[in-house]
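need the 3D shape of this:
(chains A and B)
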Amino acid sequence: MRAIVVALLLMTHAVWGAEFDPALVDGARKEGTATWYTGLIVNQAARPLAEAFQARFPGIKLSYARASNTETTLKILNEGRAGRTAADVFDVTSGIYVLLDAHVVAAYPPHSAAHFAPEYKDKDGYWTASNLYFMTLCYNTNLIKPADAPKTFEDLASPRWAGKIAWTSELAITGPPGFIGNVLTTMGQDAGMAYLRRFAALKPAALPISPRAVMDQVISGEYAIGMQIYNHHAAISAAVGAPVDWVKLEPLIGLFSLMGVLKDAPHPNAARLFVEYVMSDEGQKVLADNDYLPSSPTVPPRIPGLRPDGGGFKVNYISPLMARDELPKWTAIYQEIFR
Amino acid sequence: MNNALADPRVIIAVGVGAVLVALMVPPLWMLMQDSVTTTDAFGDITGFTLQHFQKLVIEKRALISLWNSLLFAAGSTVLSLLTGGILAWLVERTNAPLKVLAYLVAIISMGTPYVLHVIAWLFLLGKVGPLNDLWRQMTGETGVLFNVNSMAGMILIEGFLWSPLVFLLLGSTFRNANADMEEAARMSGASVLDTLRRISLPLAMPSLLALALFVFIRAIGGFEVPALVGMPGRIYVLTTDVYESTVTVPPDLGHAAAFSIVMVAIVAVLLAFYGRLSRNAERYHSITGKGFRPRPFDLGRGRWIAGGLIVLNFVVVLLLPLLTLGWMSLLPFLRSISLAGMASLTLKNYRAVFTAHGYVDLAINSLLVAAGSATAIMAITALAGWIAGRNGPGGRILDQLATLSLVFPGICLGVAVMEVWLRVPLPIYGTLWIIGIAYVIRYMPFGMRYVYSAVLQLHRELEEAASVAGAGTMTTLRRIVAPLLTPALVAGWLFIFLIANKELAIAVLLASPHSQVIAVAIFDQWVNGQGGELAAFGLIWTVLMTIIATVFFVFTRRGGVDVYGN
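So this is what the prediction gives:
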């Protein structure tokens, strides 16, 4: 009997425990809690991840707060300024360079991401990509027939869409400046600017809400077309019957959700454990099960067509370095011609 | 008399004055400093500059925002004065039926966060809302009858937001006016309209103007409508410009501060006018010692038209937004009002509100910080208002200090308080305390008005009698003044408690994930696309606040104190 119990314990350990450093788990248990500032949509990804983590490591409470990338960045910077860092772990997209420049992020290359492709990890370990994003255009399938939906930048600039397009007002890569950057890097400065001026004439509505909520407005029919939305969000909503589909508006913008641990994290062990968990096949599977696009090569996405390799579309990746150099310029262009 | 130091009032005045200076001056100072300096990513000052102000002058964008702000504030002031004013007159001075509906609107509106109203209106008037839907079905068009994301939409919604308060404030003006002059006019053969035009309106004019300025000042600092209604239509006003430059990466605090200084200056000038107007208004008060319950105008058959207006107001300002929220709260995802929608109705959102413990924390946070700041304000203003009302030592200075924060639009105060507490090395930023401090600063003037006008109504002889009988200052305060001021203190407390839970602008930049309050949480949920849960929670919250607002209303009516301590 006792031998069986021991054998079972060993087996469980082999299956579940081996991936995570026991010392780290111990430390995290002692801290008992961690706070995660995230940009992941609560019911689609943040809550499932947090619940799975808590179930996996009973006794560690993970609280999360969802905000836009910009807001998350500002909150972390301000907390740093005030000497009151409340968050332990965070994720943002390419805007992470602001936090890196402010030296508030700790280097922590998770072991569970050792097999990730090199472009999904910072070479100094300051960030690791938990999942991939592809930003494009979505449309309401009750209002626009698939054949009529704009397929190219040129289609999109047609005057017939005037007043029918919405996007988020957030001045980040995930918002209008990202689109501006995509157009400029694809078409070149002069042709790009000429195109942007034509597009601006359609007066896209800049909604002070997240790209996810912009898509909800498209679904409800307030707007026919949503720009700068995530293709997997469209897939998630279409799966439950919402009248929405996405278009391969090539090149799509490629981004990573970058996760990092804060230098002054009050619960550093729990923070690291959470990063380890999210990058592990278990955590990556939670994301995949919710139709997010994992960055682990060993966890396939549920809908391969959402990725460039499976869906056969071209992508323009905007890295944190590129964002650092170009985002202020793209934002200025937005202020100049879109407002 | 003995030397001034022995007078306990001097000690009180110095103590209260010190607290007021510590609260009021740093935010103002911080805005001025930020507006003329450059900072690095960490907010440390790197040099002196005038470029923020230069940009305001040369950039077309700034001037457009300024113009939009003025237009928006003026339009919504006129609209709310018209709707609220007509309603107040009908209810207070005529025999119109169904008056209770008007009070119902006012009371429930008092308890509902503005942002909730705005979200309901956005849906009602939106492209797929019932109004445009109906129009499309009737005409077969595919476009919209009314674009809500326009200046007209902004004015309409903001006007509706303020009309219940205008109703309450003008109601007291009409109620307290002496009817003798109107009676005389009627007896000399003037018609109802003539009397209104030649007697009632001129008499109410100073109050009307003062109220107009008051609403204008509040609307210029309004944030909810410009953010949710204006920004999608690319209509920016000063407050949304300040907000946007604070929430970009890296934040352009200099720009925000310069904009704020401009707004503070505009409001300060308007307040100076307001002060003069409301002083003049007092001269027109025709209250006498006589029983002055005015005889209501008999509208004859017009009664039913008046009743119709009251019902219309009830339906438009209260019922439609509430029904809209009800609809939103019962849907799995946002869709227009239709039979297809009916089929998908669910209680899922309500279940989420009652089971997720985050909502309980949120409610407790909001109640705590509102109650705490209301208590602190009434404690400070009880002393400051008494000294000022009695022309005690430093009374005028105390009054000015306590009302200084009227110059801050909410969003500017949010920026300023944030900047102060990012620099002071005390653990305040990121906690509920910073929101509480901002509320105390912002709502201090309201507390002051309640106490000050109550003190003016207490005759000095009571305190003199106490003094003659041998009571010291403290005993007089405790046994004579405090009990007599209690109704005003309670009314002020309730009023501050209610508005602290309504406004979004102040807390939107100060709340953090561990210190959320209602209005900010509703705004966040809207931003994140959780409209259903937001509506369910908002409705439950509205019920709770309506109970408190009812207590406030009954209390002020009975205690003879009016809204805003008028």
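
tell me which parts of the stretch 51-200 of chain A are close to chain B?
A:63, A:65-71, A:73-75, A:77-84, A:86-87, A:95, A:98, A:101-102, A:166, A:169, A:171-172 (CB under 8 Å from any CB of the partner chain). For every residue, glycine as well, the C-beta is placed using N, CA and C.

tell me where chain A has strands.
A:33-38, A:61-66, A:89-92, A:105-106, A:128-140, A:165-168, A:205-207, A:225-230, A:244-247, A:252-262, A:293-294, A:315-317 (DSSP state E).

can you tell me which residues contact the most centrally placed residue in chain B?
Taking CA atoms, centre = their mean, the centroid of chain B lies closest to residue B:499, which sits 6.1 Å from it. Taking CB atoms under 8 Å, 6 or more residues apart in numbering or on different chains as the contact definition, residue B:499 lies against B:443, B:446.

can you pull the phi and psi angles for residue A:108?
phi -150, psi 90 (degrees, to the nearest 10).

residue A:274 is in contact with that one, correct?
No: between residue A:108 and residue A:274 there is no contact under CB atoms under 8 Å: 10.8 Å.

the more surrounded of these two?
The neighbour comparison of residue A:108 against residue A:274 (other CB atoms under 10 Å in any protein chain shown) goes to residue A:274, with 27 against 21.

so what's the spatially closest residue to the more buried one that is not a sequence neighbour bridging to?
What sits nearest to residue A:274 in space, not counting adjacent residues and going by CB to CB, 6 or more residues apart in numbering or on different chains, is residue A:89, at 5.4 Å. Beta-bridge partners for residue A:89, by DSSP bridges, are residue A:36, residue A:261.

please report how far residue A:89 lies from chain B.
13 Å (CB to the nearest CB, to the nearest Å).

how many residues are close by that residue?
Counted with other CB under 10 Å, residue A:89 comes out at 27.

may I ask which helix or strand of chain A has the lowest mean pLDDT?
helix A:2-12 (a mean of 52; mean pLDDT, DSSP states H and E).

list the buried residues in stretch B:409-424.
B:409-423 (16 or more other CB atoms under 10 Å in any protein chain shown).

list the contacts of the closest residue to residue B:35 other than its chain neighbours.
Distances taken as CB to CB, 6+ apart place residue B:257 nearest to residue B:35, at 3.9 Å, with adjacent residues excluded. When contacts are counted by CB under 8 Å, 6+ apart, residue B:257 touches B:30-35, B:52, B:415-416.

which pLDDT value belongs to residue B:257?
Among the per-residue scores, residue B:257 holds a pLDDT of 90.

now do the one 3 residues further on
Predicted confidence (pLDDT) for residue B:260: 89.

skip the chain neighbours and tell me the closest residue to it.
residue B:412 (3.7 Å).

which residues sit against the helix or strand harbouring the one you found?
Per DSSP states H and E: residue B:412 is located in helix B:410-423. For helix B:410-423, the external contacting residues (CB under 8 Å, 6+ apart) are A:78, A:81-82, B:26-28, B:30-31, B:34, B:43, B:221, B:223, B:239, B:242-243, B:246, B:253, B:256-257, B:259-260, B:263-264, B:405, B:408, B:428-429, B:434, B:437-438, B:441-442, B:503-510.

is the helix or strand bottoming out on mean pLDDT in chain B positioned near chain A?
Here the helix or strand of chain B ranked lowest by mean pLDDT, DSSP H and E is helix B:339-343, holding a mean of 73. No: Helix B:339-343 is not in contact with chain A by CB under 8 Å from any CB; minimum separation 10.3 Å.

now that helix: buried residues?
Counting neighbours by 16+ other CB under 10 Å, helix B:339-343 gives residue B:341 as buried.

that helix packs against which elements?
For helix B:339-343, there is no helix or strand it packs on, judged by 3 or more CB pairs under 8 Å, 6 or more residues apart in numbering or on different chains; DSSP states H and E.

what does that helix rub up against?
So helix B:339-343 is in contact with B:327, B:331, B:335, going by CB under 8 Å, 6+ apart.

7 Å instead, please
B:331, B:335 (CB atoms under 7 Å, 6 or more residues apart in numbering or on different chains).

sorry, back to before: which of the buried residues of stretch B:409-424 lies closest to chain A?
residue B:422 (4.8 Å; CB to the nearest CB).

which one among the contacts of residue B:257 gets closest to residue A:195?
Ranked by distance to residue A:195 (CB to CB), the contacts of residue B:257 are led by residue B:52 at 32.6 Å.

read off the pLDDT value for that closest one.
Predicted confidence (pLDDT) for residue B:52: 88.

need the three-state assignment for the residue in the stretch 351-500 of chain B that chain A sits nearest to.
Proximity of the stretch 351-500 of chain B to chain A (CB to the nearest CB) peaks at residue B:429, 3.8 Å away. At residue B:429, secondary structure determined by DSSP: H, G, I helix; E, B strand; the rest coil is coil.
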